[in-house]
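**Q** my questions are about this predicted structure, shown below with the sequence.
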There are 2 protein chains.
Amino acid sequence: MSHDLLLRNVRPLGGAATDLLVRRGRIVALEGSEPAPELAVEDGAGALVIPGLVEAHTHLDKSLWGMGWRRHQAGPRLIDKIETERRLKKEWDIDPARQSARQAVQSLRMGTTHIRSHVDVDDAVGLAGMEGVLATREAYAEVMDIETVAFPQSGVMVRPGVAALMEQAMRMGADVVGGLDPCAIDRDPKGHLDLVFGLAERFGKPVDIHLHEPGQLGCFSLELIIERTRALGMKGQVTVSHAFCLGDPDAGLVNPLLEQIAALDIAIATTAPASRPVPAAATLRRMGIRLCAGSDGIRDTWGPYGNADMLERAMLLGLRNNFRRDEEVELALDICTTGGAAVMGLRDYGLAPGCQADFVLVEAESLAEAVAARPPRKLVVKRGRVVARDGVALVEAP
Amino acid sequence: MSHDLLLRNVRPLGGAATDLLVRRGRIVALEGSEPAPELAVEDGAGALVIPGLVEAHTHLDKSLWGMGWRRHQAGPRLIDKIETERRLKKEWDIDPARQSARQAVQSLRMGTTHIRSHVDVDDAVGLAGMEGVLATREAYAEVMDIETVAFPQSGVMVRPGVAALMEQAMRMGADVVGGLDPCAIDRDPKGHLDLVFGLAERFGKPVDIHLHEPGQLGCFSLELIIERTRALGMKGQVTVSHAFCLGDPDAGLVNPLLEQIAALDIAIATTAPASRPVPAAATLRRMGIRLCAGSDGIRDTWGPYGNADMLERAMLLGLRNNFRRDEEVELALDICTTGGAAVMGLRDYGLAPGCQADFVLVEAESLAEAVAARPPRKLVVKRGRVVARDGVALVEAP
């Protein structure tokens, strides 16, 4: 379905007030004439309009959103969280279809119009996560674009049967091949990365690899990713999520890697955690490296935080990178909009004529204020259709 | 003024539902009988009740709250921020009385009942900051407790005349003697600290020193603070704010200092910044070191962030310290309540019979959910009087 809409008196990216005309779900240049009588009209009342927020790294299949409060019980190590989650998914009946729909609707009411979701593929849940998220993608296709990453959360070399499940996930329609800590979790970096890149080659799909490994270890894994990206001619087709190792203070370790990442157009996804080293956002941007952001898990068995608000994520990005000047805060927001679009390869994204009419209205004087204040979303529009108003989604969650 | 109130059906700290009775501004044990007919009654509807949030480190005198959006223009160094602020205070007419009142009312609607505010004392504004904040303290005395720290933001040894102004500030009624980076800003650690501690001794007041200096430099300044605390018998009378140096990864540097800090009952105030090393909250708590938290500057010339929400500060503390389990998140909240009360030396703080009836109601299943979700404050009560309801303050800001 495509929609028509005339949006009166809005300020694109905080600029001068104007009207925005949408025809058949796309922004069109303003015509001189009055709108046709059948056209839906909304009064923006001077609100700021931002392109739809892009949630470029999350886990739709395992949020606890709407399931009541559950005490968080995972131990401190990554492997504790993985093991605890495997157990609780069954004990608590964390249904991927229901939970992904709930989180998607929460995202929508916060002004997100595009989501890249990693989806667990493992020997505990099999392909139930993929089935659930794909069902949500179909059910909400009119109001949210969802991309899926087949994600071997528990490892693939250390878990017999997961390699075959990964292949099945790709056949089911996963958009991206996922991977995870080739050394620390999968204990076989060559085996892991050959498998991940092998699937990417076979299915003609891009790659997005979780890399939590810190310091020298993470940089070693990153070298292996870079080697394969180069050897397979996958320039522009690889994302590394987290990449904490790029936050290492040793410039002699990090800078040569950043140069290769830039040359091979490898993208970086960050959640800007406050407690870990992170890639320096301004440096990456200066080097032309695509950088996107995401909420990571939202209120799941890994941790209690998160509300799917990508304006809040921009604030956390700003705080983590010590961004204070308006142009720096605007960069944080840009990472959560056009940065995500660049990583997801979205075409026709933005507020220019011809772009898909996906945007969000907030009452703020400037982009930086929108990030600092995170006001309720006045209007969220997807392909020209109003999908949320005054912070309330106009579609139902299960 | 003291007030009576019967609060029905609330869950103190997330525990079992009960009623809370307030007589003459204090919580009293529940009587068996029905309330007297003149008693105000509120229905808590099962909401969680938390002791009033404590904003233990902020700068009321220089917030831009309510002044419209101003582009942030300060350079990257601490001294850039100090210089920019000195200039903009005049150019933008940042009136300390008006601005402190605005921030205090914002704090109040977020559930804060006590504030420790550093107040600039320097050769640019003189004592105008003190005058303004003291005026706000008096005007809002019924609804907010405000403590003032005479704070030489621009340095005292490097600024002729500021030492005399600091003395005047203490005579005007400042509750605490402030200080700032004895090496990095004031260029004379012995001179600075002798002056600060000298004022404290003379006026019989405690000390709260901003210490941004990192690593070895900060630890040197901290040693000098510890020496003076010991020599002057000021155990329990000294707070160090920020203390980034205690976040240094060198345990050999930090641990001996932590032991002396614990022995001398020196308190630490943190804002849990994501971009700086910070003292490890769990370690400090385990060592019995008093730890409080604050928003620092709220939307001022130093940076655009902040909303005076101490539940959000607890979340940021949790994120910074990688707190995920419920008991860890509860610790983050405790730092923003009883931690602040311990540092400010509040008597009769809490929810026990006999305590001053300062508390806040939020709709949440648990304390951890209150931190993760930060819902609007259903009710804020100060000395038994309802001062905010459903996120709206019942007192006016200028």
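**A** Cool, the structure landed. Residues are numbered from 1 along each chain as shown, chains lettered A, B, ... in the order given.
**Q** what does the stretch 1-150 of chain A put close to chain B?
**A** Proximity of the stretch 1-150 of chain A to chain B, by Cβ under 8 Å from any Cβ of the partner chain, involves residues A:68, A:69, A:71, A:72, A:73, A:74. The way it works is simple: take the backbone N, C-alpha and C, and place the C-beta from them, glycine included.
**Q** pull out the buried members of those.
**A** The neighbour-count test (16 or more other Cβ atoms under 10 Å in any protein chain shown) marks A:69, A:72, A:74 as buried among the residues of the stretch 1-150 of chain A next to chain B.
**Q** and of the residues you listed, the nearest to chain B?
**A** For these, the residue nearest chain B by Cβ to the nearest Cβ is residue A:69; the value is 3.9 Å.
**Q** which SS class is residue A:322?
**A** On the three-state scheme (DSSP: H, G, I helix; E, B strand; the rest coil), residue A:322 is labelled coil.
**Q** that one and residue A:278, how far apart?
**A** Shown here: residue A:322 relative to residue A:278, a distance of 11 Å by Cβ to Cβ, to the nearest Å.
**Q** residues near residue A:291, how many?
**A** Using other Cβ atoms under 10 Å in any protein chain shown, residue A:291 has 26 other residues around it.
**Q** with chain B as the reference, measure out to it.
**A** From residue A:291 across to chain B, the span is 17 Å (Cβ to the nearest Cβ, to the nearest Å).
**Q** residue A:102 now?
**A** 15 Å.
**Q** what confidence value was assigned to that residue?
**A** Looking at residue A:102, its pLDDT stands at 98.
**Q** what about it, neighbour count?
**A** By other Cβ under 10 Å, the residues close to residue A:102 number 22.
**Q** wait, isn't it in contact with residue A:65?
**A** Yes. Residue A:102 lies in contact with residue A:65 (Cβ atoms under 8 Å); the separation is 4.6 Å.
**Q** longest helix of chain A?
**A** Identified as the longest helix of chain A according to DSSP state H is helix A:215-231.
**Q** excluding its backbone neighbours, what's nearest the residue of the stretch 101-250 of chain A found nearest chain B?
**A** Going by Cβ to the nearest Cβ, chain B is nearest to residue A:249 of the stretch 101-250 of chain A, at 10.2 Å. Nearest non-adjacent residue to residue A:249, counting by Cβ to Cβ, 6 or more residues apart in numbering or on different chains: residue A:277, 7.6 Å away.
**Q** rewinding a little: so can I have JSON lines of the residues of the stretch 1-150 of chain A next to chain B showing pLDDT and secondary structure?
**A** Below are the residues of the stretch 1-150 of chain A next to chain B laid out as JSON lines (pLDDT from 0 to 100; DSSP: H, G, I helix; E, B strand; the rest coil):
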{"residue": "A:68", "pLDDT": "96", "secondary structure": "coil"}
{"residue": "A:69", "pLDDT": "97", "secondary structure": "coil"}
{"residue": "A:71", "pLDDT": "93", "secondary structure": "coil"}
{"residue": "A:72", "pLDDT": "91", "secondary structure": "coil"}
{"residue": "A:73", "pLDDT": "86", "secondary structure": "coil"}
{"residue": "A:74", "pLDDT": "90", "secondary structure": "coil"}
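**Q** and the residues you listed, which is closest to residue B:242?
**A** Taking Cβ to Cβ as the measure, residue B:242 lies nearest residue A:72 of the residues of the stretch 1-150 of chain A next to chain B, at 28.7 Å.
**Q** how about the spatially closest residue to residue A:392 that is not a sequence neighbour, what does it touch?
**A** Of all residues not flanking residue A:392 in the chain, residue A:109 sits nearest, at 6.4 Å (Cβ to Cβ, 6+ apart). By Cβ atoms under 8 Å, 6 or more residues apart in numbering or on different chains, residue A:109 lies in contact with A:377, A:380, A:388, A:391, A:392, A:393.
**Q** again with residue A:315
**A** Per Cβ under 8 Å, 6+ apart, neighbours of residue A:315: A:332, A:371, A:372, A:374, B:305.
**Q** also residue A:139?
**A** So residue A:139 contacts residue A:101 (Cβ under 8 Å, 6+ apart).
**Q** what's the helix or strand for the residue nearest the centre of chain A?
**A** Per Cα atoms, centre = their mean, the C-alpha nearest to the average position across chain A is that of residue A:56, at 1.2 Å. For residue A:56, the element it lies in under DSSP states H and E is strand A:53-58.
**Q** alpha carbons of that strand, as CSV, please.
**A** Taking Å, rounded to 0.1, in the frame of the first residue of the first chain, the C-alpha atoms of strand A:53-58 are listed here in CSV:
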residue,chain,number,x,y,z
LEU,A,53,15.3,6.3,12.7
VAL,A,54,17.3,3.2,11.8
GLU,A,55,17.8,0.5,14.4
ALA,A,56,20.8,-1.2,12.8
HIS,A,57,21.7,-3.7,15.5
THR,A,58,19.2,-5.5,17.7
